[in-house]
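J.: make a model of this:
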Amino acid sequence: MANILVTGGAGFIGGNFVHFWNARNPEDHVVVLDALTYAGNRSTIAGATNADLVEGDIRDQGLVEQLLRERDIATIVHFAAESHVDRSISGPDAFIDTNILGTNSLLKAARSVWLDGDGKEHRFHHISTDEVFGSLGNDDPAFSETTPYAPNSPYSASKAASDHLVRAYHHTYGLEVTTSNCSNNYGPYQYPEKLIPLFFLNALSGKPLPIYGDGMNVRDWLHVEDHCCGIEACLTKGQPGETYNIGGGAELPNMEVIDAICREVDRAFEEVAGLAERYPDAPAAKGGKSDSLKTFVTDRAGHDRRYAIDETKARGELGYSAAHGFDEGLRQTLRWYLDNEDWWRPLLTREA
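T.: Just a heads-up that it's a prediction; the model follows:
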């Protein structure tokens with residue numbers, strides 16, 4: 001894997017993976033292909049060495065084939081996707097275009113170069129989500145790799161379709177693929193539309209913390225560095241044609257996550273000098289509590305009640321296990337945002 005193509009590598013999980021791979025494999029050359037849509041950010045990978053950013057669309061099959069041939073690439077790690085459920089509800093077309101058509105275009109390029117061309121040993125790793133499995137009841141067993149697909153949002157439906165395409169290219173054409181279905185990621189460089197960075201930055205600015213429904217929807221939380229470890233294990237130990245569930249072992253109701261964020265914000269104002277001057281609108285800057293900002297809003301349409309990951313297969317076959325406990329990982333993540341305002345502040349200005 002001396003040369004590796006990372007699609008969506010200027011986004012949240014892809015960008016973390018670029019830094020992770022760079023640190024673990026400093027001699028490898030990483031080519032990042034990213035369309036730099038709203039969630040793509042050059043500064044996310046600015047510090048990565050031996051990595052090149054190519055601004056382009058995964059639907060451009062000719063460009064992908066050119067990169068695979070000219071850079072002598074035999075490994076694709078495919079992150080590029082539209083991933084925000086709320087955006088998929090208000091505008092599903094972009095999710096169909098990127099997640100389904102884009103994945104198909106990548107697969108066609110890989111087939112053309114690797115199978116119809118030089119026939120070299122290769123790997124196409126596809127990053128998916130636990131949302132393709134639908135919603136669990138309180139007493140249902142966690143999602144395994146054999147759980148039937150039952151997507152409930154345009155986002156999860158588009159990811160389910162892309163998963164099926166990846167599987168089909170393996171069974172029909174012999175493309176050497178692996179797929180990983182991950183749970184909710186959190187960590188550095190996450191775009192501030194997602195729950196943890198959104199609520200953290202809202203608490204700093206004294207804005208409402210909008211809680212869908214009763215706040216008791218349950219998710220499994222996975223630190224992005226653990227996810228990167230899981231992907232590395234899929235690439236190095238995973239069997240072609242197989243799928244692996246990658247979880248964080250932290251199944252929590254949203255309300256518990258929100259309460260933990262509020263506690264960490266309040267703790268930071270007690271422990272970090274100068275925060276009250278930097279963020280004077282935060283309740284904690286005035287001796288108040290961040291949880292005073294909690295506001296209940298109408299539930300999201302088609303909101304899945306519970307996700308949970310059974311990672312028995314990944315543990316047994318890949319040796320994967322999450323290293324970050326949620327409390328520790330959350331604290332590290334929030335302190336990262338405090339230390340890297342120059343990364344997230346321009347994103348808020350751009351959104352406004």
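J.: helices of the protein, residue ranges please.
T.: Secondary structure of the chain by DSSP state H: the helices cover 12-24, 61-70, 85-90, 93-95, 103-110, 154-173, 195-205, 224-237, 254-271, 275-278, 312-318, 326-339, 341-351.
J.: these: which one's closest to Tyr189?
T.: Closest to Tyr189 of the helices of the chain is helix 12-24 (CB to CB; 5.1 Å). Any C-beta I mention is one placed from the backbone N, CA and C, and that applies to glycine too.
J.: just checking, Ile211 touches Phe296?
T.: Yes - with contact defined as CB atoms under 8 Å, Ile211 and Phe296 form a contacting pair (5.1 Å).
J.: these two - which one has more neighbours?
T.: Comparing Ile211 with Phe296 by other CB atoms under 10 Å, the one with more neighbours is Ile211, at 19 against 13.
J.: how near is that one to Asn202?
T.: 11 Å (CB to CB, to the nearest Å).
J.: same question for Ser321.
T.: From Ser321 to Asn202 the distance is 33 Å (CB to CB).
J.: so between the two, which is more surrounded?
T.: Asn202 (20 against 14).
J.: wait, what's in contact with the more buried one?
T.: Pro208, Leu209, Leu293 (CB atoms under 8 Å, 6 or more residues apart in numbering).
J.: what's the burial count for the first one?
T.: The reference is to Pro208. 13.
J.: confidence score at it?
T.: On pLDDT, Pro208 comes in at 97.
J.: neighbours of the closest residue to it other than its chain neighbours, how many?
T.: Distances taken as CB to CB, 6 or more residues apart in numbering place Thr295 nearest to Pro208, at 4.2 Å, with adjacent residues excluded. By other CB under 10 Å, the residues close to Thr295 number 11.
J.: just checking, Thr295 touches Tyr212?
T.: No - Thr295 is not in contact with Tyr212 according to CB under 8 Å; the separation is 10.7 Å.
J.: and Thr129, what are its bridge partners?
T.: Cys182 (DSSP bridges).
J.: let me know whether it touches Asn185 as I believe.
T.: No - between Thr129 and Asn185 there is no contact under CB under 8 Å: 9.4 Å.
J.: where does the stretch 251-352 of the chain have low pLDDT?
T.: 351-352 (pLDDT under 70).
J.: residues in contact with the residue nearest to Pro208?
T.: Per CB under 8 Å, 6+ apart, neighbours of Thr295: Pro208, Leu209, Pro210, Ile211.
J.: same deal with Leu201?
T.: Contacts here follow CB under 8 Å, 6+ apart; on that basis Leu201 touches Pro192, Tyr337, Trp344, Leu348.
J.: so Arg71 sits against Val30, correct?
T.: No - counting by CB under 8 Å, Arg71 does not reach Val30; the two are 10.1 Å apart.
J.: the two: who's more crowded?
T.: Remark: of Arg71 and Val30, Val30 carries more neighbours, 26 against 15, as counted by other CB under 10 Å.
J.: any stretches of the stretch 51-200 of the chain with poor pLDDT?
T.: In the stretch 51-200 of the chain, residues with pLDDT under 70: 118.
J.: hmm, 90 instead?
T.: 83-86, 116-120 (pLDDT under 90).
J.: any idea what the residue nearest to Pro208 is bridged to?
T.: Counting by DSSP bridges, the residues bridging with Thr295 are Pro210.
J.: circling back to that earlier point, closest one of the contacts of Asn202 to Val113?
T.: After measuring these against Val113 - CB to CB - the closest member comes out as Leu209, at 47.7 Å.
J.: the closest one: what's it in contact with?
T.: Phe199, Asn202, Ala203, Ile258, Cys262, Ser290, Asp291, Leu293, Lys294, Thr295.
J.: could you give the number of residues near the fifth one?
T.: Spelled out, it's Cys262. 22.
J.: quick check: it touching Ala203?
T.: Yes - with contact defined as CB under 8 Å, Cys262 reaches Ala203; the gap is 6.5 Å.
J.: between the two, which contacts overlap?
T.: Leu209, Ser290, Leu293.
J.: nearest to Thr37 among those?
T.: Leu209 (26.4 Å).
J.: please tell me how far Glu328 sits from Glu225.
T.: Where Glu225 is concerned, Glu328 sits at a distance of 12 Å (CB to CB).
J.: neighbour count for those two, which is higher?
T.: Glu225 (20 against 11).
J.: ok, now which ones touch that one?
T.: Each residue near Glu225 by CB under 8 Å, 6+ apart is listed here: Asn16, Phe20, Gly187, Ala323, His324.
J.: so what's the second one up against?
T.: Put plainly, it is Phe20. So Phe20 contacts Glu225, Cys228, Cys229, Glu232 (CB under 8 Å, 6+ apart).
J.: from Glu55, how far out is the nearest residue to the third one once chain neighbours are set aside?
T.: Spatial nearest neighbour of Cys229, chain neighbours left out: Tyr320 (6.8 Å); criterion: CB to CB, 6+ apart. Tyr320 sits 33 Å away from Glu55, going by CB to CB.
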